[in-house]
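**Q** My questions are about this predicted structure, shown below with the sequence.
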Amino acid sequence: MTAARERIVRFGAQGSLSGIISTPRDGCDGAVHVVLVNAGVVHRVGPNRLYVDIARALASHGFPVLRFDLSGLGDSHAVTSIGSLSESVVADVRTAFDFLAESRRATSFVICGLCSGANYSMLTAFADARVVGTILIDPTVSRTWRSTIIHHARRLRHPATWGKVVRLQHPIFRKSLRRLRSLTAAQIAQGQSEQHVDRVAPPDAAIVRTLLQQAVDRGLHILVVFTGGVNQQYNYRNQLFDLLPGLDFRGHLHLEFMPFTDHSVSDGSSRVALLGVLAAWMATRFPMSTQSQESA
């Protein structure tokens with residue numbers, strides 16, 4: 001393991017995007033480059049400086065890491081976008097790839113993010129074949145029947161839950177009341193019945209599954225980490241596989257379940273464990289000798 005050095009970089013149209021690149025002091029010829037994607041509206045340090053620790057840890061193991069602010073966040077300038085937020089984020093990340101390709105001769109990338117950053121990382125992997133790996137920390141996934149039962153069983157074990165139910169203060173009552181009020185307002189304004197009130201359509205699971213299979217087939221490696229910070233959504237180790245039965249990951253997916261830490265992995269021992277998992281996965285999937293041979 002080697003020490004890391006860091007420098008500020010600006011890139012993109014008129015230098016609108018700003019970031020920090022962490023590189024090994026002993027060189028990194030042929031190494032895959034890692035790009036970190038903002039978690040929500042948190043700038044490039046990440047929640048509780050998680051991204052700083054990830055960047056420095058991976059750089060100290062020989063992997064250059066760019067953590068930058070998406071357009072309009074942190075030190076990056078806002079730019080006019082004609083597409084959706086997702087399209088804008090993917091475009092920014094691909095601009096980061098282009099910058100690293102031009103300035104550092106990088107040819108392949110691992111993209112990493114927490115929460116929404118994980119979601120955007122996967123979208124970028126679908127859109128750009130230069131992505132050879134993704135590190136997804138608490139990405140958004142659906143519940144299964146088992147995770148729903150586990151969630152409600154845990155809630156029912158708390159005496160406070162029963163007290164709120166008796167006093168009609170439980171969230172289920174508040175949600176039902178809000179839904180009834182909004183529905184009534186919609187019916188009055190539009191003369192629509194309940195079944196005709198517009199709803200936001202969920203992502204097409206079949207399309208996501210197809211894109212994921214195509215990405216794995218082309219050789220994409222995936223590391224997924226779920227923490228206890230999203231246990232209302234993901235609460236048992238194999239939930240992801242239950243959501244994607246029969247999908248052939250070809251041994252390219254590795255899953256870590258950390259139920260006793262929070263969403264931003266703020267406790268010291270858990271963070272050390274997470275950084276160790278990330279470094280070991282990178283070293284196993286993208287060994288330096290192999291990368292050097294491929295770039296020769």
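**A** Good, I have the coordinates. Numbering: from 1, shown residues only.
**Q** isn't there a strand covering Val79?
**A** No: counting by DSSP: H, G, I helix; E, B strand; the rest coil, Val79 falls outside a strand, being coil.
**Q** Next, it: phi, psi?
**A** Per-residue torsions, Val79: phi -130, psi 150 (degrees, to the nearest 10).
**Q** pLDDT wise, what is the most centrally placed residue in the chain at?
**A** Nearest to the mean C-alpha position of the chain, by Cα atoms, centre = their mean, lies Ala118 at 1.0 Å. If you check Ala118, the pLDDT there is 97.
**Q** what does Ala185 give?
**A** Ala185 is given a pLDDT of 51.
**Q** what's the answer for the one 5 residues further on, then?
**A** At Gln190, the model reports a pLDDT of 50.
**Q** Now do the contacts for the residue nearest to the centre of the chain.
**A** By Cβ atoms under 8 Å, 6 or more residues apart in numbering, the contact list for Ala118 reads 37, 134-140. Placement of C-beta: from N, CA and C, glycine included.
**Q** would it count as being in a helix?
**A** Yes: counting by three-state DSSP, Ala118 is found in a helix.
**Q** distance of it from Val52?
**A** Ala118 sits 18 Å away from Val52, going by Cβ to Cβ, to the nearest Å.
**Q** got it, and Ser18?
**A** 15 Å.
**Q** Val45: what secondary structure?
**A** Per three-state DSSP, Val45 ends up coil.
**Q** residue ranges for the strands of this protein, please.
**A** For the chain, applying DSSP state E gives strands covering 4-11, 17-24, 33-37, 65-68, 109-114, 131-137, 221-227, 253-258.
**Q** Show me the contact partners of the shortest one.
**A** Taking Cβ under 8 Å, 6+ apart as the criterion, the residues outside strand 65-68 that touch it are 9, 17-23, 33-36, 44-46, 51-52, 54-56, 58-59, 76, 96, 100.
**Q** Would you map the helices across the stretch 151-296 of the chain?
**A** 159-166, 171-190, 205-217, 239-243, 268-285, 288-295 (DSSP state H, counting those that start in this stretch).
**Q** Now do the first one, average pLDDT.
**A** Per-residue pLDDT values over helix 159-166 give a mean of 56.
**Q** Pull out the buried residues from stretch 128-147.
**A** 130-139, 141, 143-144, 147 (16 or more other Cβ atoms under 10 Å).
**Q** got those as a markdown table, with distance to Leu156 columns?
**A** Output for these, formatted as a markdown table (distance: Cβ to Cβ, whole Å):
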| residue | distance to Leu156 |
| --- | --- |
| Arg130 | 48 |
| Val131 | 42 |
| Val132 | 44 |
| Gly133 | 40 |
| Thr134 | 36 |
| Ile135 | 35 |
| Leu136 | 31 |
| Ile137 | 29 |
| Asp138 | 25 |
| Pro139 | 28 |
| Val141 | 23 |
| Arg143 | 16 |
| Thr144 | 19 |
| Ser147 | 15 |
